[in-house]
Structure formats: structure tokens, C-alpha cells
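**Q** Give the three-dimensional model of this entry:
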Amino acid sequence: MSFWHDKIVIVAGGAGFIGQHLVQALVNAHASVHVIDNHSTGRALEVQPRTQQQLTQQHHDICTPTMMPKADVVYNLASPASPVHYQGDP
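**A** Numbering: from 1, shown residues only. Below is the predicted model:
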């Protein structure tokens, strides 16, 4: 059993390139993952039928407050990665 088994993890920016890989690794480790992303540079994750119970997604900009589930771990990757995107919305 892995450390992540049954942990609740929030990944802000989870639809981006790095976030998608992190989310997949967490789901594979049997964590319950909540992704929050405004999809400004990413897109909604494809949810496989076997992971529907482990993965939820919320289309939301983290600059605006919202209710989040209680979590064991939070990863904040919510930042446009390329200069073109982050200079356009600093």
C-alpha cells in the first residue's frame, strides 16, 4: 500500500502539462484527487471509468474564493508556464 492510498489531494492547475502528470501519478497511487483549473492554458482531463471515484474536476479561477474539500495535501501549480501566457495575465 502506498503513502497516497486514501489521501485527499487538491491540485490547483491540475489540467496543465505538469499537473496532468501529477494527477495521473496520484490516481495511480490510489489517492482521491480534486483538480481545480480555469483551463486558460490547459484542458479538462479525460476521466477513465476506473478512476471516476478518485478524480473530480472543478472549472474555476483560484483568484476567486471557492469552497474546497478538506484535503491532506495541496499542490498549487496554478500559473501559466510559458512567457507568452503569464506576461499576458501577470
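**Q** Distance from the chain centre to stretch 26-41, please.
**A** Chain-centre distance of stretch 26-41: 3 Å, with CA atoms, centre = their mean, to the nearest Å.
**Q** Let's test this: mean pLDDT of it, rounded?
**A** Regarding stretch 26-41, the rounded mean pLDDT is 89.
**Q** which parts of that stretch are buried?
**A** Burial within stretch 26-41, assessed by neighbour count using 16 or more other CB atoms under 10 Å, is assigned to 26-27, 29, 31-38, 41. Heads up, the C-betas are built off the backbone N, CA and C, glycines and all.
**Q** Please produce a markdown table containing the residues you listed, extended by secondary structure.
**A** Shown next, in a markdown table, are those (DSSP: H, G, I helix; E, B strand; the rest coil):
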| residue | secondary structure |
| --- | --- |
| Leu26 | helix |
| Val27 | helix |
| Ala29 | coil |
| Ala31 | coil |
| Ser32 | strand |
| Val33 | strand |
| His34 | strand |
| Val35 | strand |
| Ile36 | strand |
| Asp37 | strand |
| Asn38 | coil |
| Thr41 | coil |
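**Q** all strands for the protein, in order.
**A** With DSSP state E, the ranges of strands along the chain come out as 8-12, 32-37, 55-59, 73-76.
**Q** Does anything pack onto the longest one? Which helices or strands?
**A** Strand 32-37 is packed against strand 8-12, helix 17-28, strand 55-59, with contacts defined by 3 or more CB pairs under 8 Å, 6 or more residues apart in numbering; DSSP states H and E.
**Q** Pull the residues that contact that strand.
**A** Residues from elsewhere that reach strand 32-37 (CB atoms under 8 Å, 6 or more residues apart in numbering): 6-16, 19, 23, 26-27, 45, 53-60, 62, 66, 68-69, 71, 78.
**Q** do the same with the shortest one
**A** Taking contacts as CB under 8 Å, 6+ apart, the residues outside strand 73-76 that touch it are 7-14, 19, 22, 62.
**Q** Run me through the strand neighbours of it, direction for each.
**A** Strand 73-76 sits in its sheet next to strand 8-12 (parallel), going by DSSP bridges.
**Q** I am finished for the moment; much appreciated.
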